[in-house]
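Novice: Provided below for reference: sequence and predicted model.
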Amino acid sequence: MVVRNRIAKATLNDWQSELSNWTDVESFRHRVDEINNSISRSIFFRQAGLAFLRDAWIASRVAAALSSDLVRLAPAERPDFEVQTSGSIKQFEATEADQDDRRRGDEEDGPELQPDPVEKWRERFEAIPSALDRVVTKKIAKDYPSGVGLVIYVNLSCYRAYLDEGLPILRKGTAPAKDKFGAVFVMWEGTLYKFWDQGVAVSDQWQYARDEIY
């Protein structure tokens with residue numbers, strides 16, 4: 001059943017509290033998807049107070065990609081989530097880069113495939129630099145604990161058509177954050193990329209998508 005009415009504050013508090021408990025990665029991922037899939041698109045993108053569910057979705061994919069043992073939303077206001085691997089805890093701030101004028105609350109629900117011409121792929125690709133600039137500028141203006149990593153979900157899919165062209169753009173677009181955060185990651189086209197580690201350029205990557213449409 002898909003919820004199409006405003007979600008009660010008490011329900012949101014219960015979900016956030018639940019997702020703030022240390023949980024094994026597979027169970028956390030399943031629960032996040034279960035909650036997100038139960039909410040209509042119009043509610044998900046229009047009701048205030050649901051950003052933690054986006055953060056939890058990002059956390060679930062990052063934790064899986066990094067083969068972490070446990071994951072949770074962070075209990076403090078910043079950063080957004082934590083993963084635990086072999087007893088070591090790492091903290092991350094999460095954000096999403098998208099087209100500035102996109103209004104996803106107006107998009108229809110449902111699994112039906114919609115026409116997506118190639119020119120739209122290119123339009124989304126060319127929106128990446130400005131989308132990165134917007135979110136990176138906001139994040140570097142805030143204060144975070146030492147060593148926190150930044151994860152940017154680039155929600156501008158081009159069906160892998162421009163991977164070779166896109167990776168240098170992602171590296172350049174995230175460079176302003178390299179000295180602010182312990183590491184800088186980008187999620188794009190089903191892959192988690194690490195471009196910066198302690199201010200130094202790196203080129204690590206992990207798949208985070210399985211049979212998902214991204």
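Specialist: Yep, it's here. Numbering: from 1, shown residues only.

Novice: Now the lengthiest helix in the chain: average pLDDT?
Specialist: In the chain, with assignment by DSSP state H, the single longest helix is helix 51-65. Summarised as a single mean, pLDDT over helix 51-65 is 98.

Novice: other SSEs contacting it?
Specialist: With contacts defined as 3 or more C-beta pairs under 8 Å, 6 or more residues apart in numbering; DSSP states H and E, the packing partners of helix 51-65 are helix 9-19, helix 25-37, strand 70-73, strand 81-85, strand 88-97, strand 149-154, strand 183-188, strand 191-197. The way it works is simple: take the backbone N, C-alpha and C, and place the C-beta from them, glycine included.

Novice: can you give me the mean pLDDT across the helix or strand following the second one?
Specialist: Per DSSP states H and E, the first helix or strand lying C-terminal to helix 25-37 is helix 41-44. Throughout helix 41-44, pLDDT has a mean value of 90.

Novice: so what's residue 17 up against?
Specialist: If you count contacts by C-beta atoms under 8 Å, 6 or more residues apart in numbering, residue 17 has none.

Novice: gap between it and residue 73?
Specialist: Distance, residue 17 to residue 73, by C-beta to C-beta, to the nearest Å: 9 Å.

Novice: could you list every residue that touches residue 122?
Specialist: Counting by C-beta under 8 Å, 6+ apart, residue 122 has contacts 158, 162.

Novice: for residue 196, same thing?
Specialist: With C-beta under 8 Å, 6+ apart, residue 196 has these contacts: 174-175, 177-178, 181, 183-184, 202.

Novice: For it, give me the pLDDT.
Specialist: On the pLDDT scale, residue 196 gets 98.

Novice: Apart from its chain neighbours, what residue comes closest to residue 188?
Specialist: Distance criterion C-beta to C-beta, 6 or more residues apart in numbering; nearest residue to residue 188, sequence neighbours excluded, is residue 154 at 4.3 Å.

Novice: what's the answer for residue 145, then?
Specialist: Nearest to residue 145 is residue 91, by C-beta to C-beta, 6+ apart, at 6.6 Å.

Novice: Ok, residue 84 next?
Specialist: Residue 84 sits nearest to residue 70 (C-beta to C-beta, 6+ apart), 4.2 Å away.

Novice: Surely the one you found and residue 22 touch.
Specialist: Yes: Residue 70 lies in contact with residue 22 (C-beta atoms under 8 Å); the separation is 4.6 Å.

Novice: more crowded one of those two?
Specialist: residue 70 (18 against 13; other C-beta atoms under 10 Å).

Novice: In the sheet, which residues pair with that one? Tell me.
Specialist: Residue 70 forms beta bridges with residue 24, residue 84, as assigned by DSSP bridges.

Novice: just for the protein, where's the confidence low?
Specialist: Filtered on pLDDT under 70, the chain yields the residue ranges 1, 101-114, 210-214.

Novice: now with 50?
Specialist: Residue ranges of the chain with pLDDT under 50: 105-107, 213-214.

Novice: returning to what we had before: neighbouring contacts of the longest helix of the chain?
Specialist: 15-16, 19, 25-26, 28-29, 32-33, 35-36, 39, 44, 68, 70-73, 80-81, 83, 92, 94, 96, 151, 153, 185, 187, 192, 206-209.

Novice: redo that, cut-off 7 Å
Specialist: 16, 19, 25, 28-29, 32, 35-36, 71, 73, 80-81, 83, 92, 94, 96, 151, 153, 187, 192, 206-208 (C-beta atoms under 7 Å, 6 or more residues apart in numbering).
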